[in-house]
Every structure is written in C-alpha cells, then in structure tokens.
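>>> Predicted model and sequence follow; I will ask about them next.
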Amino acid sequence: QVQLVESGGGLVQAGGSLRLSCAASGHTVSMYNMGWFRQAPGQEREFVATMSRYGVTTYYADSVNGRFKISRDNINNTAYLQMNSLKPEDTAAYYCAASRERTSTPGEYDYWGQGTQVTVSS
C-alpha cells in the first residue's frame, strides 16, 4: 500500500506560479512511476504529467508542456509539480498518483492522493 498526500495548492493570479508536493508513505516511491492529474468541476480527470521511477523519462500533456515541470525526490519519497505561467483554465483539483506502469491513463494508476485545489484568477 502507498499513501499519497498532496499539498501546495491555493489561489494565484494568472501568470503566477505554484509548486505542488506529493508526500508518499508505505512502499518506497521509487517502485512507482508518478503522475499528476487534474479535474475541474463537471469534467473528467485529465492527465497532466508523469515521470518514470528514477526520473529518466517525463511526459506532459500538450496543454501544460513548457509551463509545468514534474520532478521527484526518491530519498524523501516526494514528487513535485512546478507550475509556471498559470492560466485560468488550469483551475482544478490536482491529484498525484502512483503506477507500476509508465502510463498517462488514470485507470492504470494504483494509488491516488486526496487532491489539492488550484485556482487561477484572471
């Protein structure tokens, strides 16, 4: 079992930045590929970014590529999502997740955090 807890969300103006953290406990996070997803009200959960077990490979949704950066610290069992140049359309609940597969499909993730809200004002 892996427990994931996100933090770092909040209210920010358009053009601003936030850094989300995902603290893992239970199994060591280096066993898993880590992903970030987001879900706005009335919309399906969508893929944001993923990073392979040791950080060699990353993959981003087109909507965030060049603005967001995923990273991980396997020693401290934490994953991060640095979000820059935020836009109002980035407003959503953000979730981190862990998967044994290298995937962008939500259903293929085994463990999820509870989410942290990000609100970007125009």
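Cool, got the structure.

>>> now the residue nearest the centre of the chain, which residues is it bridged with?
Here the mean C-alpha position of the chain is nearest to the C-alpha of residue 36 (C-alpha atoms, centre = their mean), at a distance of 2.4 Å. Residue 36 has the following beta-bridge partners by DSSP bridges: residue 49, residue 96.

>>> quick one: it and residue 20 touch, right?
Yes: proximity of residue 36 to residue 20 meets the contact threshold set by C-beta atoms under 8 Å, at 7.3 Å. C-beta here means a position set from N, CA and C on the backbone, and glycine is covered the same way.

>>> circling back to that earlier point, give the contact list for the residue nearest to the centre of the chain.
20, 22, 48-50, 68, 70, 79, 81, 94-97 (C-beta atoms under 8 Å, 6 or more residues apart in numbering).

>>> One more pass at 6 Å, please.
Residue 36 makes contact with 48-49, 81, 96, according to C-beta atoms under 6 Å, 6 or more residues apart in numbering.

>>> Residue 67 too?
84-85.

>>> Model confidence score at it, please.
Residue 67 is assigned a predicted lDDT (pLDDT) of 98.

>>> before we move on, back to that, and the residue nearest to the centre of the chain, how close does it get to residue 122?
23 Å (C-beta to C-beta, to the nearest Å).

>>> most neighbours, which of the contacts of residue 36?
residue 96 (31 neighbours; other C-beta atoms under 10 Å).

>>> That one and residue 114 touch, don't they?
No: in terms of C-beta atoms under 6 Å, residue 96 does not count as a neighbour of residue 114; the distance is 9.7 Å.

>>> Neighbours of the closest residue to residue 17 other than its chain neighbours, how many?
Closest residue in space to residue 17, ignoring its immediate chain neighbours: residue 84 at 4.7 Å, by C-beta to C-beta, 6 or more residues apart in numbering. The tally of other residues near residue 84 (other C-beta under 10 Å) stands at 14.

>>> now residue 84: how far from residue 16?
8 Å.

>>> now stretch 111-122: mean pLDDT?
97.
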